[in-house]
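> quick one, structure for this:
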Amino acid sequence: MEKYTEKKLKNQLLQTLIGKHVTDSTLLRIKECNTFMLFLADKTLEKTKLHGANSCKHRFCPVCSWRKSRKNALKISILMQYLREEENKEFVFLTLTAPNVTADELNDEIQHYNKSFKRLMERKEVKAAVKGYVRKLEVTYDGKEFITKTMYKHRTNYYKKRGLNIGDKNPNYDTYHPHFHVVLAVNKTYFNKPNVYIRQSRWLELWQQSTKNPMITQVDVRRVKHTDNKKEVSEIAKYSAKDSDYLQNEKVFDTFFNSLSGKRLIVYSGLFKEASKMYDNKELEKYKEMDPTQYIFLLFYHWGQTEYIQTEQKLMSEDMQKEVNNQMLDDENIEGE
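Below is the predicted model of the structure:
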């Protein structure tokens, strides 16, 4: 219950920030979100699974966005498995970035990103190589006023070039970093054909040209391993904005809300779009794993002021046990969550 408690506490903070942006009925749904939860439990009471809750499903709700990201992770994993096995495709993971922007610039920058990405995908050499993609917009906020040891370790070259060290003023303080995480579907021969394969340096050139910004210095490109794609899936499926970022204060929240509201955060195209429709129509169920746990108890939880309180434990009827057991898993853990 620790994760649910952590997210519900953040939901309470959200309530103090979102009121001016939503209707009274929406605010009420957010306040009441996950105040009741029903779990299935095995005979040891150690393995549990959420069976029902009064969720608000709001994009900025920490509880609901976390649950949504877990479901997205499973979906994207299955789409990749299907495309690999049935369409004989491999995958490239691409991260597209640009310099940080201020709060006033963020909304326009996201629109510019979308147009730039469209131009990138329409380039002749990209169209020849890419057979489909799933793209996720993520926005992070830099609220560190001074450079920390961790920050310096992660971006040593960046700070050295600017003559900066640990403890110095952070040049990106109070700025936002929109970026795209993309999984590209390519033919298996892509990596062995020099006339089709796009090198990292060329991806950088193409992104600079598409954004019309020569100041961009880095594009992350890597082949997705056949045996383990959890890291790439997690990058795509995780939150578009971390609650630890957008809940910092009212000004920061307003910026995130105004910039991300109404925008498509995950986009499927080409083979990924076709496979996504199949997934939603339950045509890819065979790729899901069976939940091996046998559940026999119902656990009822209600939200107190600061924690969940178990109010009832009930043995399920045989009919209900048959109904809830031996079902497919419907979500997946996110790395680093």
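
> all contacts plus neighbour counts: C-alpha atoms, from now on.
Noted.

> helices along this protein, start to end?
Shown for the chain, the helices assigned by DSSP state H span residues 2-18, 24-32, 62-86, 103-121, 124-129, 149-154, 156-161, 200-211, 230-237, 243-246, 250-260, 271-280, 318-324.

> so of the ones you listed, which one's packed in deepest?
Of all these, helix 230-237 has the most neighbours on average by mean count of other Cα atoms under 10 Å, namely a mean of 22.

> roughly how far out does that helix sit from the chain middle?
Relative to its chain's centre, helix 230-237 lies at 8 Å (Cα atoms, centre = their mean, to the nearest Å).

> pLDDT below threshold where in the stretch 151-300 of the chain?
Within the stretch 151-300 of the chain, the segments meeting pLDDT under 70 span 227-231, 239.

> one more pass at 90, please.
For the stretch 151-300 of the chain, the stretches with pLDDT under 90 are 154-155, 157-158, 161, 215, 217-218, 225-242.

> if you skip the residues just before and after it, what's nearest to the spatially most central residue of the chain?
The centroid of the chain falls nearest to residue 238 when counting by Cα atoms, centre = their mean (2.1 Å). Excluding the flanking residues, the one nearest residue 238 by Cα to Cα, 6 or more residues apart in numbering is residue 69, at 5.1 Å.

> touching, the one you found and residue 235? I think so.
No. If you go by Cα atoms under 8 Å, residue 69 and residue 235 don't touch, sitting 10.1 Å apart.

> about what we covered before: please render the helices of the chain as a markdown table that adds distance to residue 299 to the earlier fields.
Below are the helices of the chain laid out as a markdown table (distance: least, Cα to Cα, whole Å):
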| stretch | distance to residue 299 |
| --- | --- |
| helix 2-18 | 14 |
| helix 24-32 | 19 |
| helix 62-86 | 19 |
| helix 103-121 | 43 |
| helix 124-129 | 51 |
| helix 149-154 | 41 |
| helix 156-161 | 49 |
| helix 200-211 | 51 |
| helix 230-237 | 29 |
| helix 243-246 | 28 |
| helix 250-260 | 35 |
| helix 271-280 | 30 |
| helix 318-324 | 14 |
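
> looking at those helices, which is closest to residue 138?
Relative to residue 138, the nearest member of the helices of the chain by Cα to Cα is helix 230-237, separated by 8.8 Å.

> so which elements touch that closest one?
With contacts defined as 3 or more Cα pairs under 8 Å, 6 or more residues apart in numbering; DSSP states H and E, helix 230-237 has these neighbours: helix 62-86, strand 130-142, strand 175-187.

> report the angle between that helix and strand 175-187.
Counting by axes from the mean of the first three to the mean of the last three Cα atoms, to 10 degrees, helix 230-237 lies at 120 degrees to strand 175-187.

> which one of the helices of the chain lies closest to residue 42?
Of the helices of the chain, nearest to residue 42 by Cα to Cα is helix 318-324, at 10.6 Å.

> what does the closest one rub up against?
Identification of contacts with helix 318-324 by Cα atoms under 8 Å, 6 or more residues apart in numbering yields 295-296.

> in stretch 178-193, what's buried?
Across stretch 178-193, burial judged by 16 or more other Cα atoms under 10 Å covers 178-187, 190-191.

> contacts for that stretch, please.
Residues outside stretch 178-193 that contact it (Cα under 8 Å, 6+ apart) are 88-98, 100, 106, 109-110, 113, 129-140, 196-197, 232, 235-236, 271-272.

> quick one: distance of that stretch to the chain centre.
So, by Cα atoms, centre = their mean, the centroid of stretch 178-193 is 19 Å from its chain's centroid.

> go on, stretch 157-167?
30 Å.

> what's the end-to-end length of that stretch?
Its start and end residues considered, stretch 157-167 measures 16 Å (Cα to Cα, to the nearest Å).

> turn the helices and strands packed on helix 230-237 into JSON lines, including distance to residue 323.
JSON lines is the format used below for the helices and strands packed on helix 230-237 (distance: least, Cα to Cα, whole Å):
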{"stretch": "helix 62-86", "distance to residue 323": "21"}
{"stretch": "strand 130-142", "distance to residue 323": "34"}
{"stretch": "strand 175-187", "distance to residue 323": "36"}
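
> kind regards, and thank you for your time.
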